[in-house]
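No letters, just coordinates:
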């Protein structure tokens with residue numbers, strides 16, 4: 001991928017965002033079009049285009065993303081319930097080819113989703 005994704009540009013400080021957390025592996029930002037009172041995106045700094053192309057070598061990073069999602073939901077007061085979502089491909093609603101974890105909370109979630 002030669003052109004940076006919007007998430008890379010945010011991580012590099014080229015595009016402003018409400019950053020809630022960052023470390024050497026990922027950033028966590030507020031979604032600009034929230035679908036719930038809490039709607040965060042946990043984004044790895046290293047681009048993995050889709051979950052379907054992740055490799056075994058990505059296991060530690062993927063686990064880290066989920067732990068950051070958990071930590072942020074708890075830190076922000078959503079211990080009573082939150083949902084994590086990873087979309088994979090356009091049919092699942094993925095609009096940026098850069099894997100990211102949605103963290104949603106603060107309202108009753110329906111099942112099945114979508």
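Received it, and whenever you're ready, just let me know what you need. Here the structure is a predicted model, which is why all the values come from computation and not from measurement. Numbers count the residues shown, from 1 in each chain.

Point out the other helices and strands that the longest helix anywhere in the chain packs with.
Secondary structure of the chain read by DSSP state H shows that its longest helix is helix 59-75. Counting by 3 or more CB pairs under 8 Å, 6 or more residues apart in numbering; DSSP states H and E, the packing neighbours recorded for helix 59-75 are strand 19-22, strand 26-30, strand 38-44, strand 82-85, strand 101-105. To be clear about C-beta, it is placed using only N, CA and C from the backbone, and glycine gets the same treatment.

Adding mean neighbour count, mean pLDDT and distance to residue 73, write those strands out as CSV.
Output for the helices and strands packed on helix 59-75, formatted as CSV (neighbours: other CB atoms under 10 Å; pLDDT from 0 to 100; distance: least, CB to CB, whole Å):
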stretch, mean neighbour count, mean pLDDT, distance to residue 73
strand 19-22, 14, 97, 11
strand 26-30, 20, 98, 10
strand 38-44, 23, 98, 7
strand 82-85, 17, 97, 4
strand 101-105, 22, 98, 5
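
how about the ones you listed in CSV, adding distance to residue 61?
CSV is the format used below for the helices and strands packed on helix 59-75 (distance: least, CB to CB, whole Å):
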stretch, distance to residue 61
strand 19-22, 14
strand 26-30, 8
strand 38-44, 6
strand 82-85, 15
strand 101-105, 11
